[in-house]
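Q: coords please:
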Amino acid sequence: MLTSLQLHLAGVFLKIFLRNRQAILFSLFFPLIFIGAFSFSGTSNDPFIIGVTDESRSPFSQEFITNLEQEEIFNLIEGDFESLQSSLIEGDIRGLILIPKNFKDIDNLGALKFYVDASQTRQVNIIQRAIETSLLSVERKIRNIEPLFDLQLEDVKARPQRYIDFLLPGLLAFMIMNLSIAGSGFNIVEYRRRGILKRLFVTPIKPKDFITSIVLARMLIVLVQLSVVLSIALFVLDITIIGSYLSFYLTVILGTFIFLCIGFALGSLAKTQEGIRPIVGLVTFPQVILSGVFFPISSMPEIVQPIVYSLPLSSVVSSLREIANDGVSFMAFSTSTIGVLIWVLISFVIATRFFVWKEVAK
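A: Here you go, the predicted model:
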């Protein structure tokens, strides 16, 4: 149970934060700038512009091109190979299909070549599947083969996923980490520098009261600021959280607790504000780059993926993204949610081990 002393101290820490209007504006509008910058990114509904060079000029190749034109995800441009290849290099088209001269006889077909920018990994997979489907359709017509069964597709997601839909959970996790570490680590160093911790040490206030009050205050601040950003994303950018809001906010609370505890430990290691900045940067910057905030971890080299998935921010990002984009419940105990729970324990042990009142941890 929370005591009146803990609630009073939490109120004091809230007042201290509210006096710093610059910190409020920066922590609130920084993620909004990112969201605004990426809100007009292309969606999966945009057709892929694909070039086609037909050297065969056969009924078979024309049938294949006709099938491709019927695919909604494609916008075909026919032309000679050299000019289309230049367009591909310049980024004007997403891919280039070269139909060879011997693409005529069903029993002696040449290789159908598809040129593409290999960096567009996700798009390549989508385009390749559509091309293979068109080839299969043409082959069935020529061989006069009926399909064994019909596949009826029903879209249960009811919406395409835009990049901003993917990005939002990562930015919210990034916001949680910054607000939490700034609210514990930087404040602990400042309180120690000003002698506040030393004076509190000689009062009846116990360390657990001090830590609990900061956790309560920062938790409320994070929840309010995150709710503001999330509301703008939902009502202005038309982003939908598929999963339960209860699961979403439970992950937010646990993520806030994780980074508050890490902040306490970092604040106990540093002597000054100047000293804590590089320490915090060493902990947070690699996580921002590697933890899937801006791109999926699965696109990284397989050798580093286990290390990346073990980072605390990776667990929070993946859990929020699974809930928001895939509708996974936190109580389903996926790998990501289990990672969040493990880091709750690890961060608590780290905070209690390194947090000190008066001196810097040795």
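Q: just for the stretch 1-150 of the chain, where's the confidence low?
A: 1, 20-46, 105-111, 117-128, 130, 134-135, 137-150 (pLDDT under 70).
Q: the strands in it, which residues?
A: 48-54, 74-78, 95-99, 113-116 (DSSP state E, counting those that start in this stretch).
Q: in JSON lines: those, plus mean neighbour count and distance to residue 188.
A: Heads up, the C-betas are built off the backbone N, CA and C, glycines and all. Conversion of the strands of the stretch 1-150 of the chain to JSON lines gives the following (neighbours: other Cβ atoms under 10 Å; distance: least, Cβ to Cβ, whole Å):
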{"stretch": "strand 48-54", "mean neighbour count": "20", "distance to residue 188": "52"}
{"stretch": "strand 74-78", "mean neighbour count": "16", "distance to residue 188": "57"}
{"stretch": "strand 95-99", "mean neighbour count": "22", "distance to residue 188": "54"}
{"stretch": "strand 113-116", "mean neighbour count": "15", "distance to residue 188": "52"}
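Q: so which of the ones you listed gets nearest residue 235?
A: Nearest of the strands of the stretch 1-150 of the chain to residue 235, taken as Cβ to Cβ: strand 48-54 at 30.9 Å.
Q: what pairs with the closest one, parallel or antiparallel?
A: Sheet pairing of strand 48-54 (DSSP bridges) gives strand 74-78 (parallel), strand 95-99 (parallel).
Q: nearest to residue 251, of the strands of the stretch 1-150 of the chain?
A: strand 48-54 (34.5 Å).
Q: what residues does that closest one touch?
A: Residues from elsewhere that reach strand 48-54 (Cβ atoms under 8 Å, 6 or more residues apart in numbering): 61-62, 65, 68, 73-81, 84, 87-88, 92-99, 123, 126-127.
Q: just to revisit the earlier point, a markdown table for the strands paired with strand 48-54, including distance to residue 283?
A: Listed next are those as a markdown table, based on distance: least, Cβ to Cβ, whole Å:
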| stretch | distance to residue 283 |
| --- | --- |
| strand 74-78 | 46 |
| strand 95-99 | 41 |
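Q: now the helix or strand containing residue 343: buried residues?
A: Assessed by DSSP states H and E, residue 343 sits inside helix 335-354. Neighbour-count burial for helix 335-354 flags 336-337, 339-340, 343-344, 347, 350-351, 354 (criterion: 16 or more other Cβ atoms under 10 Å).
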